[in-house]
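Visitor: task: produce atomic coordinates for the following.
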Amino acid sequence: MPERVNLISKTIKVFAVLGLVTFLVSLGLMIMARLSLGSGGELRQLAGADFLEKSGLWLVAGSLLFGLAGLKTTSGIKAARRWAWPASLFMAVVLVGLFPLGTIFGLKLLFELFNREVKEWFLTGGRVTTAGSGTEPTSGLSNPDLIRQLEEQAARRKR
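Guide: Got it, this is the predicted structure:
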């Protein structure tokens, strides 16, 4: 895996874990507010529990979905799946909207995702050579001897 792709994977994973932590903390606050302040009253309004219940549900659902999508995208990146590039692009765009740190990391991810080496790596399923690695791309029939043997077998079958 090229270093740039590894950086993309780690960045998305960190923000996915932060999304899951946000989910847990928000859900815990909503439960605590409901249990400790009861179902109605002025104290509940002063503590902001009504607002937390109404808008906090969106935060809980959004952060859970973002965290799970991030973890799934990270697994797709590590397995060099083609769908992981658009999923990473989506995650980067969402991060750009999370000012200030999300914006910085989201823009960095966008620049990395449109790098030629990264795009080739995703398009070929991880079979692109990295600079200085000394490895050749792996394709099923890159060995000339194997190709010749297969051609000879096919010619014998036709006879």
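Visitor: who's in contact with the closest residue in space to Gly56 that isn't next to it in sequence?
Guide: Using Cβ to Cβ, 6 or more residues apart in numbering and skipping residues adjacent in sequence, the residue nearest Gly56 is Met30, 5.2 Å away. For every residue, glycine as well, the C-beta is placed using N, CA and C. Contacts for Met30 (Cβ atoms under 8 Å, 6 or more residues apart in numbering) come out as Leu52, Glu53, Gly56, Leu57, Val60.
Visitor: from memory the first one sits against Arg34, does it?
Guide: Yep, that's Leu52 we're talking about. No: here Leu52 does not reach Arg34: they are 9.1 Å apart, not a contact under Cβ atoms under 8 Å.
Visitor: would you mark the buried spots in the longest helix seen in the chain?
Guide: The residue-count maximum for a helix in the chain (DSSP state H) belongs to helix 3-37. Buried residues in helix 3-37, counted by 16 or more other Cβ atoms under 10 Å: 4-5, 8-9, 11-13, 15-16, 18-20, 22-23, 26-27, 29-30, 33, 37.
Visitor: just the helices in the chain please.
Guide: Counting by DSSP H, the helices of the chain are 3-37, 42-47, 49-78, 84-96, 101-113, 116-123, 144-158.
Visitor: show me what contacts the residue most central in space within the chain?
Guide: What sits nearest the mean C-alpha location of the chain, by Cα atoms, centre = their mean, is Thr73, with 3.2 Å. Going by Cβ under 8 Å, 6+ apart, Thr73 touches Ile12, Ala16, Ala84, Ala87, Ser88, Met91.
Visitor: let's see that with 6 Å instead.
Guide: Ile12, Ala84, Ala87, Ser88, Met91 (Cβ atoms under 6 Å, 6 or more residues apart in numbering).
Visitor: nearest to Leu65 among those?
Guide: Proximity of the contacts of Thr73 to Leu65 was ranked by Cβ to Cβ; the top entry is Met91 with 11.4 Å.
Visitor: any idea how far that closest one is from Leu43?
Guide: 40 Å (Cβ to Cβ, to the nearest Å).
Visitor: from Pro144, how far off is Trp121?
Guide: Using Cβ to Cβ, Trp121 is found at 25 Å from Pro144.
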